[in-house]
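K.L.:
My questions concern the predicted model and sequence given below.
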Amino acid sequence: MNDKIICANCGFEGVVERGNETCPECKKTGCLAWASEEQETTEPISTSSDKFKLITVLAEVTDFLEESHNEAVNSEYSDSEDPMAAHKAIEPECSYCRAIASASKILNAKGE
Ligand SMILES: [Zn+2]
Ligand SMILES: [Zn+2]
């Protein structure tokens, strides 16, 4: 038997294996509640949606981009006390910084 659940964190409604406490969508533990009176179901177990997978990929790509861009900036402005500030002052139109900022905005907004 599986459990019909609703996630208090992301609002996901679906089916998990009996006793599973982890939301298939947001991967948070301990925020699942039974969705209805008939909590038991033989419906197949839910997997995370494509949208969630996309967000996960975006987070990974952003992390990678941010890390490698920081490294590049740090080595380029190694004489400066604050390499990132120097970089932003000299290259305000940097497309890496812009891409990282836009991605961060999307990632920060997803939990609201
Ligand atoms: Zn969730
Ligand atoms: Zn930059």
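P.N.:
Received the coordinates, thanks. Ligands and ions are numbered 1, 2, ... in the order given.
K.L.:
I'd like to know which helix or strand in the protein has the lowest mean pLDDT.
P.N.:
Using mean pLDDT, DSSP states H and E, the weakest-scoring helix or strand in the chain turns out to be strand 40-41, at a mean of 82.
K.L.:
elements contacting it?
P.N.:
strand 2-7 (3 or more C-beta pairs under 8 Å, 6 or more residues apart in numbering; DSSP states H and E). For every residue, glycine as well, the C-beta is placed using N, CA and C.
K.L.:
can I have the strand it packs on written out in PDB, keeping just the CAs?
P.N.:
The C-alpha atoms that make up strand 2-7 are tabulated as PDB, following Å, rounded to 0.1, in the frame of the first residue of the first chain:
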ATOM      1  CA  ASN A   2       1.100   3.600  -0.700                       C
ATOM      2  CA  ASP A   3       0.100   6.800   1.000                       C
ATOM      3  CA  LYS A   4      -1.700   9.700  -0.600                       C
ATOM      4  CA  ILE A   5       0.000  12.800   0.600                       C
ATOM      5  CA  ILE A   6       0.100  16.600   0.400                       C
ATOM      6  CA  CYS A   7       3.300  18.500   1.100                       C
END
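K.L.:
Show the average pLDDT along it.
P.N.:
Strand 2-7 carries an average pLDDT of 92.
K.L.:
before we move on, what about stretch 99-106?
P.N.:
93.
K.L.:
Need the contact partners of it.
P.N.:
Contacts to stretch 99-106, defined as C-beta atoms under 8 Å, 6 or more residues apart in numbering, come from residues Ile55, Leu58, Val61, Thr62, Leu65, Glu66, His69.
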